[in-house]
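1. No sequence on hand, only this structure:
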Ligand SMILES: CC(C)(COP(=O)(O)OP(=O)(O)OC[C@H]1O[C@@H](n2cnc3c(N)ncnc32)[C@H](O)[C@@H]1OP(=O)(O)O)[C@@H](O)C(=O)NCCC(=O)NCCS
């Protein structure tokens, strides 16, 4: 075989090997969306109209640049993704295969967040920090985790494989695998498909705003009681003075 032919073979082999990696990635992303969103009709629709897909593709590029320590370029791509999709993924976040962001708007994923394979998150989800931790300060989601719309997972907590975080829950503590966590702060209500007995009344859940208003109301009552007592004291004082003056005038007249 001539040197020229050998060179062409080597180039083709390398391009062929490189191409399937990103092609396969895109194919997997499209497949994931089609499997998990019954509304997805065609590959073109998924590729062109799904902001979650755009966000993940841009994140793959940003993360690659981040790993090569091109931090500014990585951040620039992440910010571009944010302005186009409304989904902010820090380039440092580690995301596994089969990740699906449905609807997406308002999603925030922090720098040290780690997401396993086949996880799904919905709009309004935050995988963020509490502000109290340094270093690893964002959550870790293991494989097949679902985080419902509006849920917040805060701090370096772990959510075990196959677990579900309910819509609008606020997770501050670790969630074991095969569990469902609901509420604020989130509590595990189901483990391995069996209902866990917890003292969690989802209907009469304490409302922090109402609690604060009650506290203010109590304070206000206290202040008005003190004011009333003060007024009564002053009135009594005035009456006593008036009485004393009256007696003196009477004595003087006599
Ligand atoms: C939590 C969820 C995944 C259901 O998980 P599940 O394991 O099937 O749990 P169940 O439906 O059996 O619910 C378990 C308990 O949690 C309660 N619960 C479910 N979702 C809840 C929520 N978001 N907030 C508060 N409580 C919730 C249920 O009422 C039930 O309570 P009960 O046992 O007292 O009746 C689902 O309710 C949810 O929140 N999905 C998010 C989907 C989403 O975000 N969709 C957005 C589409 S745009």
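-> Received it, and whenever you're ready, just let me know what you need. Quick caveat: nothing in here was measured; it's all calculated off a predicted structure. Numbering: from 1, shown residues only.
2. contacting residues for the residue in the chain that the ligand sits nearest to?
-> In the chain, the residue found nearest to the ligand is residue 148; the distance is 2.8 Å by Cβ to the nearest ligand atom. Yep, even glycine has a C-beta here, placed from its N, CA and C like the rest. Residue 148 is in contact with 122, 125, 164-169, counting by Cβ atoms under 8 Å, 6 or more residues apart in numbering.
3. Take those and lay them out in TSV including distance to residue 187, secondary structure and neighbour count.
-> Listed next are the contacts of residue 148 as TSV, based on distance: Cβ to Cβ, whole Å; DSSP: H, G, I helix; E, B strand; the rest coil; neighbours: other Cβ atoms under 10 Å:
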residue	distance to residue 187	secondary structure	neighbour count
122	20	strand	22
125	19	coil	26
164	13	strand	21
165	11	strand	27
166	10	coil	19
167	15	coil	15
168	14	coil	15
169	9	coil	23
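4. Take those residues and write them to a markdown table, including pLDDT and distance to the ligand.
-> What follows is the contacts of residue 148, written out as a markdown table (pLDDT from 0 to 100; distance: Cβ to the nearest ligand atom, whole Å):
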| residue | pLDDT | distance to the ligand |
| --- | --- | --- |
| 122 | 98 | 4 |
| 125 | 98 | 9 |
| 164 | 98 | 4 |
| 165 | 98 | 7 |
| 166 | 98 | 3 |
| 167 | 98 | 4 |
| 168 | 98 | 5 |
| 169 | 98 | 6 |
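5. what does the protein put close to the ligand?
-> Contact residues, the chain versus the ligand (Cβ under 6 Å from any ligand atom): 103, 122, 148-149, 164, 166-168, 180, 182-183, 189-190, 195, 202.
6. Between the contacts of residue 148, which sits nearest residue 71?
-> Nearest to residue 71 among the contacts of residue 148 is residue 125, at 24.8 Å by Cβ to Cβ.
7. was I right about the closest one contacting residue 150?
-> Yes - using Cβ atoms under 8 Å, residue 125 is in contact with residue 150, at 7.1 Å.
8. Can you show me the helices along the stretch 151-254 of the chain?
-> Counting by DSSP state H, counting those that start in this stretch, the stretch 151-254 of the chain has helices at residues 208-253.
9. got it, and the stretch 1-150 of the chain?
-> 3-36, 43-49, 51-67, 71-85.
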